[in-house]
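# How does the following fold in three dimensions:
(one chain, ligands or ions: 1)
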Amino acid sequence: MAANQSKLIFEYDVEGRHGTQVVGGMRNGRVEDHKRRLPQNLVASERLPLPQVGELELTRHYVKLAQDSFGIDTGFYPLGSCTMKYNPKACERYVKHPGFANTHPHQPIESLPGFLRMFADLQDWLADMTGMDQISLTPAAGAQGEFAGMLIFKRYFESRGEHQRTVMIVPDSAHGTNPASAVLSGFEVAEVKCADADGIMNMDILNAAIEKHGAERIAGIMLTNPSTLGTFEKDILAVSERMHEIGALLYYDGANLNALLGIARPGDMGFDLIHINTHKTLSTPHGGGGPGSGPIGVKQHLAPFLPHPHVRSTSDGFEFYRPEQSIGRMKLFHGQFGILVRAWIYILLHGPDGLRRISENAIINANYLQARLKDHYPVRYDKWSDGRDRYCMHEFVASCGRLKKEVGVSAKDIAKALLNSGFHAPTTYFPLIIEEALMIEPTETESKELLDSFVDVMLGLHHTARVDADKLRNLDNLRVTQLDETYAARHIDVRWQPEEQGSAAAG
Ligand SMILES: Cc1ncc(COP(=O)(O)O)c(C=O)c1O
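Presented below is the predicted three-dimensional model:
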């Protein structure tokens, strides 16, 4: 363990130490006395393998961990594709209202008419925002929304007897969850290369893929718009027309919806099915891998296959129901309740004009950063192939390829140096088609002053790389030593078990 790393709570364990004073305090006796008063069948026969620590050690431990954590409330978090925006404290405050916080998933639904009303509102608002006919709120993340979407595509073609439609077209800039969801649902992925064609899907690429795989075998295409390069898919109407002409469907990955609110709708572009990363676009603190929520939206022809439970209105209110040919449940109960409540509040707080301003400001902020950084960190797609200047949408991908080649400083070195400077790193090495990629998404919630201070640091690091590259290549003041990321991913082990106490302490 590095000298400056926090200890594990188990390392504070001292036999007999405890942090609480049981009801009545020391005068009335200790835990043993209280145990005697409990029904004996409810008293644990063995001591739970929990660390024995005093209240003060416990408090200091968790306060220190909280201070060591980086979040949007502590600093700038330009993690492209992930939309790490500030979450208004009003959402946090209202979601704690006892009417939301104290509902129980097993409570009879008749006792919760307001809850169903809120779900119905959210379904309607998301449908309006995206141009879809129906929304299902239950998937628990963008990736799970994609999986639900692919299962719906599958079920749709099966219901039409078109079992031969097994090919899903996915561009080379796609997020890894796109091909993963397609494969998991039984599709074969046909990757198409858009990197050399302005980075976007065009008719030549699409027609070549259709010819190669056969129109009757193609089930659909998965696109995000703007793409992960921060570029609007300008040929999207022609793409969707062609896909529908051959009887195939279009899937919209909503991770980049923060660029479109109130400006354009995937439903109007011809998409048949979408997911919405509610936790990104509609604001929920979601660093470190969770929590997420990935409602899906469909055009009417796919509505019979939606997951259940789905909310619909009745003559005297609302009810949960199971669509006739539903793909089934994606999650226990009713989806990620807390996130859905936050999204409902967030939409109410902003209203239609406010939502549009979100996207406009997200786009302006990204273009400001792109313009200020691109001379030092080249942006591969800052011009169209005909030479015209190209603006980005809500994010852009800069490259450290030139620095790497000329002075050996990589995107990873710059990212780590940024962490040392008090900024979270942008997304690195994604999309894969840009060498030494730094994918930067400032979001609408940051001020010009903050963006300027980020630029100052980025330009300063560029200067350091040029005059003293070793300083960046040998950073030794990180709070965490360099992790073996491949080992960590392949041998994931996040659960502490009592017999591992010794090794955990050594870890
Ligand atoms: C473009 C894109 N699609 C899909 C996903 C998956 O979303 P989630 O992390 O909610 O599963 C992400 C996540 O970052 C993404 O950036």
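
# So for the residue of the chain found nearest the ligand, what's the pLDDT?
The chain approaches the ligand most closely through Gly142 (2.4 Å), counting by CB to the nearest ligand atom. In this view, the C-beta of every residue, glycine as well, is placed from N, C-alpha and C. Gly142 is assigned a pLDDT of 94 by the prediction.

# Please verify my assumption that it contacts Gly292.
Yes. Under the criterion of CB atoms under 8 Å, Gly142 makes contact with Gly292 at 6.5 Å.

# So which of the two has more stuff around it?
In terms of neighbours (other CB atoms under 10 Å), Gly142 is the more surrounded of Gly142 and Gly292; the figures are 29 against 20.

# which residues touch the more buried one?
Thr177, Asp253, Gly254, Ala255, His275, Asn277, Lys280, Gly292, Gly294 (CB atoms under 8 Å, 6 or more residues apart in numbering).

# now swap in Gln370 and tell me
Val379, Asp382, Tyr391, Cys392, Phe396, Ala398, Ile440.

# Who does the nearest residue to it once chain neighbours are set aside form a beta bridge with?
The shortest distance from Gln370 to any non-neighbouring residue, by CB to CB, 6 or more residues apart in numbering, is to Phe396 (4.4 Å). Counting by DSSP bridges, Phe396 is bridged to Ile440.

# in terms of contact, does Phe396 touch Arg372 like I think?
No. Contact criterion CB under 8 Å: Phe396 and Arg372 do not qualify, at 11.3 Å.

# Compare neighbour counts for these two and give me the winner.
Between Phe396 and Arg372, Phe396 has the larger neighbour count (other CB under 10 Å), namely 31 against 17.

# and the gap between that one and Val407?
The gap separating Phe396 from Val407 is 23 Å, by CB to CB, to the nearest Å.

# just Trp344 next, same as before
Trp344 is 50 Å from Val407, where distance means CB to CB.

# all helices for the stretch 251-400 of the chain, in order.
266-269, 278-281, 337-373 (DSSP state H, counting those that start in this stretch).

# near the ligand at all, the longest one?
No. Judged by CB under 6 Å from any ligand atom, helix 337-373 and the ligand are separated, with a smallest distance of 10.6 Å.

# before we move on, the earlier item: which residues does the residue nearest to Gln370 contact?
For Phe396, the contact set (CB under 8 Å, 6+ apart) comprises Gly80, Leu229, Gly230, Ala366, Leu369, Gln370, Val379, Asp382, Met439, Ile440.

# Let me see the contact set for the fifth one.
Okay, so that is Leu369. Applying CB under 8 Å, 6+ apart, we find Leu369 in contact with Pro78, Phe396, Ile440, Pro442, Leu451, Phe454, Val455.

# just the helices of the stretch 251-400 of the chain: most buried one?
Mean neighbour counts were compared across those using mean count of other CB atoms under 10 Å; the top stretch is helix 278-281, at a mean of 27.

# Run the chain-centre distance for that one.
Remark: helix 278-281 is offset 7 Å from the chain centroid, using CA atoms, centre = their mean, to the nearest Å.

# what does it rub up against?
Here helix 278-281 makes contact (CB under 8 Å, 6+ apart) with 82-85, 141-142, 254-255, 257-258, 261, 284, 286, 291-295, 336, 339-340, 343.

# Could you list the alpha-carbon positions for that helix in PDB?
Output in PDB follows, covering the C-alpha atoms of helix 278-281 (Å, rounded to 0.1, in the frame of the first residue of the first chain):
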ATOM      1  CA  THR A 278     -31.600   9.500 -17.300                       C
ATOM      2  CA  HIS A 279     -28.700   9.700 -14.800                       C
ATOM      3  CA  LYS A 280     -26.700  11.700 -17.300                       C
ATOM      4  CA  THR A 281     -29.000  14.000 -19.200                       C
END
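
# now that helix: mean pLDDT?
94.

# what does stretch 148-157 give?
Taken as a whole, stretch 148-157 has an average pLDDT of 98.

# next one: stretch 431-448
Mean pLDDT, stretch 431-448: 96.

# do stretch 472-485 as well
On average, stretch 472-485 scores 69.

# what does stretch 284-303 give?
On average, the pLDDT along stretch 284-303 is 86.

# For it, buried residues please.
284-286, 292-299, 302-303 (16 or more other CB atoms under 10 Å).

# end to end, how far does that stretch reach?
Terminal residues of stretch 284-303 are spaced 27 Å apart (CA to CA, to the nearest Å).

# how far does it sit from the chain's center?
For stretch 284-303, the distance to the chain centre is 9 Å (CA atoms, centre = their mean).

# show me the contacts for Met269.
Per CB under 8 Å, 6+ apart, neighbours of Met269: Gly131, Asn225, Ile236, Leu237, Ser240, Tyr252.

# any chance of the residues you listed in JSON lines, with secondary structure too?
Below are those laid out as JSON lines (DSSP: H, G, I helix; E, B strand; the rest coil):
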{"residue": "Gly131", "secondary structure": "coil"}
{"residue": "Asn225", "secondary structure": "coil"}
{"residue": "Ile236", "secondary structure": "helix"}
{"residue": "Leu237", "secondary structure": "helix"}
{"residue": "Ser240", "secondary structure": "helix"}
{"residue": "Tyr252", "secondary structure": "strand"}
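
# Keep these, but drop any that are not near the ligand.
Answer for the contacts of Met269 near the ligand: none qualify (CB under 6 Å from any ligand atom).

# neighbours of Cys49, just the number please.
Actually, residue 49 is Pro. It isn't Cys. Pro49 has 12 neighbouring residues, counting by other CB under 10 Å.

# rewinding a little: where strands are concerned, which of the buried residues of stretch 284-303 count?
Ile296, Gly297, Val298 (DSSP state E).

# State the distance from Leu302 to Arg93.
Taken as CB to CB, the span from Leu302 to Arg93 is 37 Å.
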